[in-house]
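A.B. asks: generate a structure from the sequence data that follows.
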Amino acid sequence: MAKAIHTMIRVLDLDRSISFYDQAFGLQEVDRFDFDDFTLVYLRNDESGFEVELTLNKGETEPYDLGNGYGHLAVSVDDVEAEHQRFEESGLGPRRLVELEKDGQVLGKFFFVADPDGYQIEVLQRGGRYR
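C.D. replies: The predicted model follows:
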């Protein structure tokens with residue numbers, strides 16, 4: 001059986017991205033591998049072994065074209081309302097808090113935030129299918 005271990009995103013400024021992911025989600029740098037043409041930085045926290053891999057392609061100066069195929073990364077939290085408030089107070093620019101309902105039942109409560117390179121991240125209330 002396969003186990004998901006990381007997602008990779010390309011970034012223009014490692015320090016800015018590392019700071020965002022730390023401030024927003026408590027993800028810390030756990031490994032860094034510097035090569036001639038690129039640098040890989042792996043981030044994670046104690047909640048999960050799943051990592052975000054930041055890839056800096058050296059010499060890139062223009063924002064990446066995210067295209068229309070990328071959707072989002074999702075994280076779950078114990079208190080989505082408190083996290084939304086914390087994001088607002090930290091200046092992270094979260095979008096509005098939303099409840100998704102199906103047949104009168106709340107399926108999920110969440111908000112989205114964009115990282116410094118425009119990648120969308122969904123922050124979901126932990127519970128139900130979102131553990």
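
A.B. asks: and Gly26, what is it in contact with?
C.D. replies: Asn45, Glu47 (Cβ atoms under 8 Å, 6 or more residues apart in numbering). Glycine gets a C-beta too; all of them are placed from N, C-alpha and C.

A.B. asks: now do Glu101
C.D. replies: If you count contacts by Cβ under 8 Å, 6+ apart, then Glu101 has Leu107 around it.

A.B. asks: helix or strand for it, which one?
C.D. replies: In the assignment (DSSP states H and E), Glu101 maps to strand 98-102.

A.B. asks: which is the next helix or strand following that strand?
C.D. replies: strand 105-114.

A.B. asks: keeping just the C-alphas, turn that following strand into PDB.
C.D. replies: Output in PDB follows, covering the C-alpha atoms of strand 105-114 (Å, rounded to 0.1, in the frame of the first residue of the first chain):
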ATOM      1  CA  GLN A 105     -25.600  18.300   7.000                       C
ATOM      2  CA  VAL A 106     -22.400  20.300   7.400                       C
ATOM      3  CA  LEU A 107     -19.800  18.500   5.400                       C
ATOM      4  CA  GLY A 108     -16.900  20.800   6.200                       C
ATOM      5  CA  LYS A 109     -16.100  24.200   7.700                       C
ATOM      6  CA  PHE A 110     -13.000  25.900   6.100                       C
ATOM      7  CA  PHE A 111     -11.200  28.800   4.700                       C
ATOM      8  CA  PHE A 112      -8.500  29.300   2.100                       C
ATOM      9  CA  VAL A 113      -5.300  31.200   2.200                       C
ATOM     10  CA  ALA A 114      -2.600  31.800  -0.500                       C
END
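
A.B. asks: now that strand: how far from the chain's centre is it?
C.D. replies: 14 Å (Cα atoms, centre = their mean, to the nearest Å).

A.B. asks: look up how far Val11 lies from Gly26.
C.D. replies: Gly26 sits 18 Å away from Val11, going by Cβ to Cβ, to the nearest Å.
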